[in-house]
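>>> sequence first, predicted model second:
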Amino acid sequence: MIDHGSTLATSLDGRVLVPLRTVRILGIPVHDVTLAEAVAWISAWCEPGESLRQVVTLNPEMVMAARRDPVFRTVIEQAALVTPDGVGMTLAARLRGTPLRARVTGVDLVEALAMTGRSLFLLGAAPGVAERAASVLEHRYGARIAGTWAGSPKPEDAAAALERIAAARPHILCVAYGAPAQECWIARYRAELAACGVRVALGVGGTFDYLAGVVPRPPAVVRRLGLEWLYRLIRQPWRWRRQLVLPLFAWLAIGEAIAVRLGPRT
Ligand code: UDP
């Protein structure tokens with residue numbers, strides 16, 4: 001799936017990065033990547049002459065959605081980088097004997113990308129939120145913000161968003177329309193975004209809400225324990241319906257792990 005082309009990315013300590021290993025969780029691909037490596041790859045893809053790459057931060061809810069939705073599944077298969085976002089991803093990978101080294105969440109990735117000097121365009125979230133997130137990224141991390149726009153994933157709103165992105169010509173486009181709308185929006189307008197000069201486009205979910213302080217970010221201890229899903233459920237109870245798929249994800253992941261471990265070795 002991954003199209004690293006002839007690009008050689010180097011990590012912050014100057015090492016040349018090797019192509020990323022893919023692990024499949026319930027049939028959906030995800031890369032074994034650290035935050036530093038993800039930033040190095042994305043930064044390398046911002047060099048002149050590179051084609052547009054899509055980055056997905058994949059969590060268990062998205063895995064379950066991709067199993068039901070072939071369009072979303074194809075978008076993930078064609079992404080250049082799929083990072084494991086959510087403790088469910090690392091647990092499922094460990095259970096099946098193919099551990100992932102790290103979790104790379106949308107908010108961690110956006111904060112780290114803000115420090116690379118590449119220009120960012122923040123698209124999505126409620127009116128005013130992307131502007132507030134941009135101001136936090138500028139002041140806290142020295143980000144180069146090319147532009148912001150709330151927009152919406154509706155087809156009739158695409159022209160206005162593309163016009164603003166074209167005027168801003170950012171290296172990196174961060175889209176906060178929620179999954180899978182944001183990933184499908186990027187894939188649908190891939191050619192137009194490339195013509196706008198965008199090199200890397202990624203779906204970032206609730207990242208702008210966290211950065212702007214609209215939604216409180218779980219404390220570090222909650223994140224370390226992998227209990228963000230419980231924290232979000234308590235703070236945003238309307239999520240319970242979406243999180244109903246999580247027990248099914250856990251059940252299927254355990255079943256897959258048993259099948260992989262008992263199955264014939266290749
Ligand atoms: N959002 C949007 N337009 C829409 C749907 C969602 O701008 O039509 C925004 C929403 O305001 C939020 C972001 O998409 O800022 C992601 O929402 P959510 O927390 O549901 O995403 P998740 O992190 O769970 O993927």
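That came through fine.
>>> residue contacts, the closest residue to Val260 other than its chain neighbours?
Leaving out its chain neighbours, the residue that sits closest to Val260 by CB to CB, 6 or more residues apart in numbering is Arg96, at 4.6 Å. Using the backbone N, CA and C atoms, a C-beta is placed for each residue, glycine as well. By CB atoms under 8 Å, 6 or more residues apart in numbering, the contact set of Arg96 is 25, 253, 256-257, 260-261.
>>> look up how far His171 lies from Ala36.
Distance, Ala36 to His171, by CB to CB, to the nearest Å: 18 Å.
>>> those two: which has the busier surroundings?
His171 (23 against 16; other CB atoms under 10 Å).
>>> centroid residue for this structure?
Centroid-nearest residue in the chain, with CA atoms, centre = their mean: Thr57, separated by 2.5 Å.
>>> now it. Its backbone dihedrals?
Phi and psi for Thr57, reported as degrees, to the nearest 10, are phi -100, psi 110.
>>> so who does it touch?
Counting by CB under 8 Å, 6+ apart, the residues that Thr57 touches are 82-83, 85, 104-106, 109, 202-205.
>>> could you count how many residues lie near whichever residue of the stretch 101-250 of the chain sits closest to the ligand?
Nearest to the ligand in the stretch 101-250 of the chain, going by CB to the nearest ligand atom, is Gly205, at a distance of 2.5 Å. Applying other CB under 10 Å, we find 23 residues neighbouring Gly205.
>>> and for Gln78?
15.
>>> got it, and Pro237?
Pro237 has 9 neighbouring residues, counting by other CB under 10 Å.
>>> and it, how far from Arg217?
Distance of Pro237 to Arg217, given as CB to CB: 18 Å.
>>> right, and Thr98 touches Val23 too?
Yes - using CB atoms under 8 Å, Thr98 is in contact with Val23, at 4.7 Å.
>>> mind listing what's buried along the helix ranked longest in the chain?
Identified as the longest helix of the chain according to DSSP state H is helix 245-262. Of all the residues in helix 245-262, those buried under the rule 16 or more other CB atoms under 10 Å are 245-246, 249, 252-253, 256-257.
>>> relative to Leu91, which of those residues is nearest.
Ala253 (7.4 Å; CB to CB).
>>> burial count for the residue nearest to the closest one when sequence neighbours are not counted?
Excluding its sequence neighbours, the residue lying closest to Ala253 (CB to CB, 6+ apart) is Ala92, at 3.8 Å. Per other CB under 10 Å, the neighbour tally for Ala92 reads 26.
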